[in-house]
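Chemist: predicted model and sequence below, questions to follow.
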Amino acid sequence: MKDSQKRKSGVASIKDIASEAGVAISTVSNVINETRFVAEDTKEKVLDAIKKLNYRPNIIARGLRIKSTRTIGLILPDISSSFFSQVIYGIEEIARQRDYTMILGCTNFDFREEVKIVNRLLDSFIDGLIFFSGFDNYEFIKKIYDRNIPIVVIDKTLGDSEIPTVVIDNVAAVENCVNYLCSYNHKKICYVTFSLGNQTTVRQRYEGYLSGLKKNGIDFDPDFVLMSEDMRLNETASSYRIVKDFLKKGKLPTAFLTAADVFAYGILRALSEEGFKVPEDISVMGFDNILFSQFTKPLLTTLKQQKRVMGKIAMNLLVDIIEGREVKDKTIIVPTSIVERESVSFAKDK
């Protein structure tokens, strides 16, 4: 019995395969990497040996030889978020179709962790990177791009940069939400959002709220903007607490508009506990259309982001860049739409 046969249950090497098949190591390498022609009968011997010994090639070592690992890195700030998970589904679907593997790194909204994970991924010889950052960190992203590493950024506009991005028009999207509420005669619209901080996306949505009010002839009331520093940590619980406190002050809106569906869930509970009916007394509108919004009571009217579509577009764009295809549109704006359910009705006079 050959020594290599004794290693069937262990980790076989390319040398073991060559010994089992009775060929040179270079021949095994040519079969695995498809670098040179190998006679069919010899190729069959090598493949039989690979199967028999359960050989698994070292992907990174092979990638260094052929200058591709067919692996991409994905950076995102929160793996528990329903929004991000839907984007991941879209990315993973295209990765399978185009024969790529995905490595996921979650930063938990920690910039130092973000830098650390990116560097680890780049050290792993990934072919490209999809970046879903929790920060406005253009300089950091630009440094990656300037190293000629294929990169696509999701959900973040980067001004006039040439870095490829997949986004929605956040300003127009929130404007549309305000327009929708105004079509139901709402003029006292309370906006519940993340703290503005250093997030372009959050600021753009706030800008959409302000411009929506202005275009509908509604004066801005700072009392009708609720935000909290800890909303990033537990958005639903935070919105519940902040709205409970707000309702006790007695200055009531006719509608709440949120920067994310998860805020709306806390608002619905707060309104219910304070004796308000939705939408009979106060309307509530979300933003994102994540899965659970189909199961709230009442069902949540919200703005739909095409999350899986964003993931699919980003992955296709990245692979095209990796494989050297011409990319004409480097900024792709994904359309949004309003999903009408049960949580918005005509405003009561207040």
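Modeler: Thanks, I have the structure now.
Chemist: pLDDT averaged over stretch 341-350 - what is it?
Modeler: Across stretch 341-350, pLDDT averages out at 89.
Chemist: typed the wrong thing, it's stretch 68-82
Modeler: 87.
Chemist: just stretch 300-316 next, same as before
Modeler: Rounded mean pLDDT across stretch 300-316 is 97.
Chemist: and what of stretch 213-232?
Modeler: 88.
Chemist: who touches that stretch?
Modeler: For stretch 213-232, contacts defined as CB atoms under 8 Å, 6 or more residues apart in numbering pick out 109, 175, 178-179, 182, 187-196, 206, 209-210, 238-239, 241-243, 246, 251, 253, 263. Where C-beta positions appear, they are placed from N, C-alpha and C, glycine not excepted.
Chemist: also stretch 319-326?
Modeler: Ser68, Ile72, Ile94, Arg98, Tyr100, Asp127, Gly128, Pro150, Val152, Pro164, Val327.
Chemist: now flag whichever of those is closest to Phe295.
Modeler: Ile94 (28.4 Å; CB to CB).
Chemist: centre of the chain to whichever helix or strand that closest one is part of, how far?
Modeler: Under the criterion of DSSP states H and E, Ile94 resides in helix 82-97. Taking the mean C-alpha point of helix 82-97 and that of its whole chain, the gap between them comes to 8 Å (CA atoms, centre = their mean, to the nearest Å).
Chemist: over to stretch 90-105?
Modeler: Centroid separation between stretch 90-105 and its chain, computed with CA atoms, centre = their mean, is 13 Å.
Chemist: so which bits of that stretch are buried?
Modeler: By 16 or more other CB atoms under 10 Å, the buried positions in stretch 90-105 come out as Gly90, Ile91, Glu92, Ile94, Ala95, Arg98, Tyr100, Met102, Ile103, Gly105.
Chemist: chain neighbours aside, what residue packs nearest to Phe109?
Modeler: Gly134 (4.4 Å; CB to CB, 6 or more residues apart in numbering).
Chemist: and if you look at Ser68?
Modeler: Counting by CB to CB, 6+ apart, the residue nearest Ser68 is Asp127, at 5.7 Å.
Chemist: swap in Ala270?
Modeler: Val243 is the one closest to Ala270 (CB to CB, 6+ apart), at 4.2 Å.
Chemist: gap between the one you found and Phe140?
Modeler: 35 Å (CB to CB, to the nearest Å).
Chemist: repeat that for Glu162.
Modeler: 16 Å.
Chemist: so which elements touch the helix or strand hosting Tyr240?
Modeler: According to DSSP H and E, Tyr240 maps onto helix 235-247. On a contact count with 3 or more CB pairs under 8 Å, 6 or more residues apart in numbering; DSSP states H and E, helix 235-247 meets strand 189-194, strand 225-228, helix 261-273.
Chemist: could you give the mean pLDDT of that helix?
Modeler: Mean pLDDT, helix 235-247: 92.
Chemist: wait, isn't Ile168 in contact with Ser337?
Modeler: No - with contact defined as CB atoms under 8 Å, Ile168 does not count as touching Ser337 (10.6 Å).
Chemist: and those two? Which one has more around it.
Modeler: Taking other CB atoms under 10 Å, Ile168 and Ser337 do not tie; Ile168 has more neighbours (20 against 12).
Chemist: list phi and psi for the more buried one.
Modeler: Main-chain torsions, Ile168, degrees, to the nearest 10: phi -110, psi 170.
Chemist: can you check Ile126 too?
Modeler: According to degrees, to the nearest 10, Ile126 has phi -70, psi 160.
Chemist: not counting sequence-adjacent ones, nearest residue to it?
Modeler: Ile126 sits nearest to Gly73 (CB to CB, 6+ apart), 4.5 Å away.
Chemist: could I get the full set of strands for this protein?
Modeler: For the chain, the strands defined by DSSP state E occupy 71-76, 101-106, 128-131, 151-154, 165-167, 189-194, 225-228, 255-258, 283-285, 302-305, 331-333, 336-339.
Chemist: give the rounded mean pLDDT of the fourth one.
Modeler: Read that as strand 151-154. On average, strand 151-154 scores 95.
Chemist: burial of Gly134, as a residue count?
Modeler: Close neighbours of Gly134, defined as other CB under 10 Å, add up to 21.
Chemist: which ones are touching it?
Modeler: Pro77, Asp78, Thr107, Phe109, Phe111, Glu114, Gln199.
Chemist: mind running it again at 10 Å?
Modeler: By CB atoms under 10 Å, 6 or more residues apart in numbering, Gly134 lies in contact with 75-78, 107-111, 113-114, 156, 198-199, 201, 232.
Chemist: go on, Ala270?
Modeler: Contacts of Ala270 by CB under 10 Å, 6+ apart are Ser239, Tyr240, Arg241, Ile242, Val243, Lys244, Asp245, Phe246, Leu247, Phe256, Phe276.
Chemist: pLDDT at the last one, what is it?
Modeler: We note a pLDDT of 97 for Phe276 in this prediction.
Chemist: nearest spatial neighbour of it, skipping sequence neighbours?
Modeler: Take Phe276 and drop its neighbours on the chain: the residue closest to it by CB to CB, 6+ apart is Ile282, 5.3 Å away.
Chemist: poorly predicted segments of this protein, please.
Modeler: 1-11, 33-35, 56-67, 198, 229-233, 349-350 (pLDDT under 70).
Chemist: could you break it into its assigned domains?
Modeler: 8-57, 69-168+307-334, 170-305 (automatic domain parsing).
Chemist: ok now the last one, how far from the chain's centre?
Modeler: Yep, that's domain 170-305 we're talking about. Centroid separation for domain 170-305 versus its chain: 22 Å, with CA atoms, centre = their mean.
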